[in-house]
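K.L.:
can't give you the sequence, but here's the structure:
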C-alpha cells in the first residue's frame, strides 16, 4: 500500500501545482497520502522533488532570486528536510530491491563526488534483482518523472502483486453499528480493504478521535464522516461506508444495505443481516421469525435477536414458556452488556400470559410489577392475576389506566369482585354506570386516604386508634415520612413516637393491598431499610433510572457522599414526567429533597466558607420547592443549630406557621445575623433561649445572644442578660465578662469606673514588711498591677474578632495609669508597635516582637506578629515575610510555650490535638453496627437528626489537619457500652432494623470487636509514657474539685437536666456530700486534657476535647480559661481551630 500512497502523493502534488515544480515540492507534504507513508518513503519522494526543483533549468530563472522575509511556500520548502534512509541500512537491508535501488540512486545524485564507488557493487546487485524480479509500477512513474535520477528503473518489467480484501476483517463487519466500541475497533488500522489515501487518512483521523472520546453520539459521527467515502456504494468499501452511515443514523442507510445485499459472498450476507436489524427496529414484525432464527455469536446477529425479543408479538407466536424465558434472559443479558435500557415489556407480557394460562400465577407475578397495561388483551391478562400475590400491583395499575382515561374496555371490571370498590366506582363514573360502595368502614377510609395522598387525614385516622402502629406499621411509616410540618404538634408527636413502634412489628405484618410495593420500597429506602430497588427503578424513565444509579454510587461507602446537582435535577425531571401513583410521587420527591439535604449536610461537615454558602443555597431551594414535611423540617432545624445555617425561606415559613416557637426565633436570629443586623439577632437568640426547655441548648443560645449584643454595641442588654442567667457564668470566660462590663461603663460615660474595673482585674496583692520610727517591724499589703495582664486585655478584642472600642481605649488608659512614675515598658511596646504598624516597618515590628518576648514571654512576641498579620495592612509578600519571622521565633521558643498559650497563634497553622469523648465514639460505633446490618445499604443518608461530627473528625484526621487521642477512660467506657447489645440496640433504634437480623449478627463479642476497631481508627496519636505521668495528671484533681464546687449552681442545673432525660444520678461524682458533678471517666478526660494543655508539645496549637456532654459544653469557657483546653461539639466549632 505504501507504494500506492507514494504514487497518489506524486499525482496529487502535480495536479495541484499546475506544472510549477517549486509548488509541487511545497504541496507534497500536505497531501493525504503523505501522512500514510513511513518516514523513509517521505524522504525518498521529498528529496526527488527537491532535487528536481534545484536542478531543473525551467524553475531556476536568471541570476539569484531574492526571497522576502516571509518568502514563498516553495522557497521555504527548499529549506526543509526529510531524510532518506541511511546508506548503511540500504546496503545491508532486506527491503525490496526496487525501493533500495531507487533510494541509493537518489543518494548518489545528491552526494556527487562524495559517493563511494565501492557501493556500486551493491547497486549492480540490486539492478540484477530488479531485472530478474521486475519493479512495482510506481517506479516506472518515478522513472518517467525523475528521469535524470531514476530513469534506469523504467527499463525493468513492471510487476504488481494483486492484494485481496482481508477475509477476517470482513467478518469483523458483522456488527451492530450503534455499538461505538466495536465500530471503533473496526476502524483500527490497518484496515483489511484497499482504500485510497484520500479515503484512508480521514478514517484514521476518525478512529483516533473515537478512541480518545470513548463513546460518541450519532450526531457527532455524522459531522465527522468524510463525504468522499460516503460516495462509495459497492463492494467492501461501500459496506464500510454503509456501516458508518448506520452508526451516524443517516437517512439512506437501509437503501445502502439493500443495494449491497444483492452482491455475492460475505458482503451480500452481512448487508442482508443489516437490513433485518433495521427492519425489526422499525417495528416490521414480518421479519421477526427470521431474526429469531439467526445464530448467536456475533454483534449483528445478537442485536437482531435482542430487538426481535423486545418486539415479541402478542401471544409469543406459539413459542413455549421455556423458549420465551430464554428470550428474556437473552434480551436482559444483551441489554446489560451493551449498557442499553431495552423495553422488555412485550416479551414479559407474553411470559405472563403463558404462565397465567398454565396456572402459574405466582411465577407470573415476578414479571408483572414492571409492566404497564396498554391494550385490552393486557387488561384481561392483568385481571387473571387479581387473586395472586401481585394483587396490589394489579390494583395499582388498574387505578393508573382508569385515572388516565385510557381507551380500553373497562366494562369487564365492573363485576369483578376482587377489584376494590373505589376502582369500580371510578369505572362506573367513567362509563356513566351507576354503582355504590360502603366508604364508612375504616379500611376503606385508609385505602382512600392512601390512594389520594391525603396524608393529614391518613395520619389523623391512624392516630385516633391506640394500636394503629402495630396493626398498620407500613401506613404508619408512610404517614410519619410525609406528614407536613405545618400540622398540629399533637399529630406530629404521634407520628414521631409511632414510627419506632412500627419498626418493631413491621416484619410480622403484611403489606396492605392498597399500598404499592414501590411506595413501601421508597419508604424503606428513606428509613434506611433494605428496599426492593427494582420497584423503585420501575417508576423512572431511562434517564431518571441512570441518575438514580449514579446517586447511589455517590452515596456508597467509597463515594464522596456529594450527589451532583445535575443528577438530582435529572431525577426530578424524570419523576415529574413519569407515571406513578400519588404516594409514590410524594415519596420520590421526598427522596430527592432528602438527597439534596444530604448533600448540604455533607458540605456543612466540611466546614469551609464556600461549602457553607453552597449548603445554605441548597437548603433554601429545598424549603421553597415544596411545603416541608415534619421530618425534613427537623433535619433543617438540626443544621441551623449545629452549623449556624441561615435561611430566609425558613424564617418566612416559621413566621407564617409557628411564629412563637423556639425554632422560629433561632431562624430569625440566624437570618438577621447573616444580614448584618446583630441587634435583632441577639434579641432573637435571647427570645429563643426563654422558649427552650433544654438546659444545655438554652445556655448555648444565651451565649450567642451575648456575642451578638457585643457586635451590635448594645452593652446594657448584654449586661442585663449576663446578670439574669446564672448558667452563663460558666459558659463564657471571665475576660469576656470583663469586656462586656468595661464597654457598658464606658458607653454610659463612666470612663474612670471602666478603667478601675480593668485595673482591679489585674491587681496583685503582696505583703511586705516595714519599720516604724521606733524600729519596729510591721506588715502592710501592697497592690501592684500586672502590665502583662493589661497587654493581654489589649489584644483580646482583635484576637476574638470583637469590636475593639471603647474597650481598647480603656485598657490603654489603665496602662498609662500604671506606668506613671515607672519605667515605661508595656505602654512603650504598644506605642512603638502601632507606629511600626502604620509605617509597615518590618525591622521595627521585628524589634518590638523581640522586646515583647524578652520582657513578657515568647508568646507575647509571637502575638505581635499575629496582630500585624491580622491588621489588613500588608500585601501577600508582606504577610509572607511576617509569617517567616513569626515561624523563626516560634521554632526557637516552641519548647517553652505551653500548648494553652498557642491557641491564638492562628497564622502558625498549628494542628489541634483532639481528645475524643465517648459520646462521639458511640456515634462511630453505631455507624459500624448499621453497616454490619446493611442498614442504608441502598442509599446511605445521614439525616433524621443523626450526629455526624465523628465523621468530620475522622475526615480531618485523614487529611492530616488534626491528631486524635482516645484516653483510657474513653476506651473503657466504649467497651462497656458495647458489651451490652440491648443498649446499642436502643442507640440504633431510629433506623428500620429487622429484629431477627439483629439477633443473628449482633452479639457482645461482635460489638466489642467493632468498638476496638473504632478505637484503632480514631486514635492517631499517643502521649509519651513515663513512670510519673499519672501522678502529674492526678496532681490537679483537688484544683478541679474546687472548680466544680465554685460552679455548683451550674452543675446542679446540668444534673437536673440529665436526670430529666433518664440519666442516673448514681453516676454523678460526690463532692462535699452532693452528687452533682461529672462522673469519674469525664473527670479523667478533663485532668489529662489540662495536663496536655500545660505541656510544650511539638507541633500542636491547641488541645480540644470533642464532646457533646453538657459536663464539658456548658462550662466550656470556664474550663478553657482555667485549664487551657477547648471543648468543640460540632464541625463549625472545630473549624475555628483547624488550618
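P.N.:
Thanks, I have the structure now. These numbers come from a predicted model, not from an experiment.

K.L.:
contacting residues around residue 32?
P.N.:
If you count contacts by Cβ atoms under 8 Å, 6 or more residues apart in numbering, residue 32 has them with 8, 12, 197, 198, 200, 201, 202. Any C-beta I mention is one placed from the backbone N, CA and C, and that applies to glycine too.

K.L.:
any buried residues in the helix or strand hosting residue 723, and which?
P.N.:
Assessed by DSSP states H and E, residue 723 sits inside helix 715-724. The neighbour-count check on helix 715-724 (16 or more other Cβ atoms under 10 Å) flags 715, 717, 718, 719, 721, 722 as buried.

K.L.:
cool, stretch 574-581 as well?
P.N.:
Using 16+ other Cβ under 10 Å as the test for burial, stretch 574-581 gives 574, 575, 578, 580, 581.

K.L.:
with stretch 497-515 instead?
P.N.:
498, 499, 502, 503, 506, 512, 514, 515.

K.L.:
circling back to that earlier point, in a markdown table, list the contacts of residue 32 along with pLDDT.
P.N.:
Formatted as a markdown table, the contacts of residue 32 follow (pLDDT from 0 to 100):
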| residue | pLDDT |
| --- | --- |
| 8 | 80 |
| 12 | 79 |
| 197 | 72 |
| 198 | 73 |
| 200 | 79 |
| 201 | 77 |
| 202 | 82 |
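
K.L.:
drop anything exposed from those.
P.N.:
Buried, going by 16+ other Cβ under 10 Å: 8, 12, 197, 198, 200, 201, 202, out of these.

K.L.:
ok, now how distant is the third one from residue 34?
P.N.:
This points to residue 197. Residue 197 is 8 Å from residue 34, where distance means Cβ to Cβ, to the nearest Å.

K.L.:
go on, the second one?
P.N.:
Taking Cβ to Cβ as the measure, residue 12 and residue 34 are separated by 9 Å.

K.L.:
still on that earlier bit, mind putting the buried residues of stretch 497-515 in TSV, pLDDT and distance to residue 189 included?
P.N.:
Formatted as TSV, these follow (pLDDT from 0 to 100; distance: Cβ to Cβ, whole Å):
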residue	pLDDT	distance to residue 189
498	91	69
499	87	64
502	87	65
503	82	63
506	83	62
512	90	64
514	87	63
515	90	60
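
K.L.:
and which of these is nearest residue 985?
P.N.:
Nearest to residue 985 out of the buried residues of stretch 497-515 is residue 503 (Cβ to Cβ; 11.0 Å).

K.L.:
doesn't residue 993 make contact with that closest one?
P.N.:
Yes: between residue 503 and residue 993 a contact is recorded at 6.7 Å, counting by Cβ atoms under 8 Å.

K.L.:
need the contact list for residue 487.
P.N.:
Taking Cβ under 8 Å, 6+ apart as the contact definition, residue 487 lies against 456, 459, 630.

K.L.:
to clarify, my last question referred to residue 766.
P.N.:
Contact partners of residue 766, counting by Cβ under 8 Å, 6+ apart, are 781, 782, 784.

K.L.:
phi, psi for it please.
P.N.:
Main-chain dihedrals, residue 766, degrees, to the nearest 10: phi -130, psi 150.

K.L.:
so what touches the strand or helix carrying residue 655?
P.N.:
Residue 655 is located in helix 648-657, with elements delineated by DSSP H and E. Residues outside helix 648-657 that contact it (Cβ under 8 Å, 6+ apart): 485-486, 619-620, 623-624, 628, 636, 640, 661, 663-664, 667-668, 670-671.

K.L.:
quick one, the helix or strand following that helix and helix 648-657 angle?
P.N.:
Counting by DSSP H and E, the next helix or strand C-terminal to helix 648-657 is helix 662-674. Comparing the axes of helix 662-674 and helix 648-657 via axes from the mean of the first three to the mean of the last three Cα atoms, to 10 degrees yields an angle of 140 degrees.

K.L.:
now do the same contact list for residue 467.
P.N.:
With Cβ under 8 Å, 6+ apart, residue 467 has no contacts at all.

K.L.:
for burial, what's the neighbour tally of the nearest residue to residue 1033 once chain neighbours are set aside?
P.N.:
Among residues not flanking residue 1033 along the chain, residue 1091 sits closest, at 4.7 Å (Cβ to Cβ, 6 or more residues apart in numbering). Neighbour count of residue 1091, defined by other Cβ atoms under 10 Å: 21.

K.L.:
mind putting the contacts of residue 32 into JSON lines with secondary structure?
P.N.:
Below are the contacts of residue 32 laid out as JSON lines (DSSP: H, G, I helix; E, B strand; the rest coil):
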{"residue": "8", "secondary structure": "helix"}
{"residue": "12", "secondary structure": "helix"}
{"residue": "197", "secondary structure": "helix"}
{"residue": "198", "secondary structure": "helix"}
{"residue": "200", "secondary structure": "helix"}
{"residue": "201", "secondary structure": "helix"}
{"residue": "202", "secondary structure": "helix"}
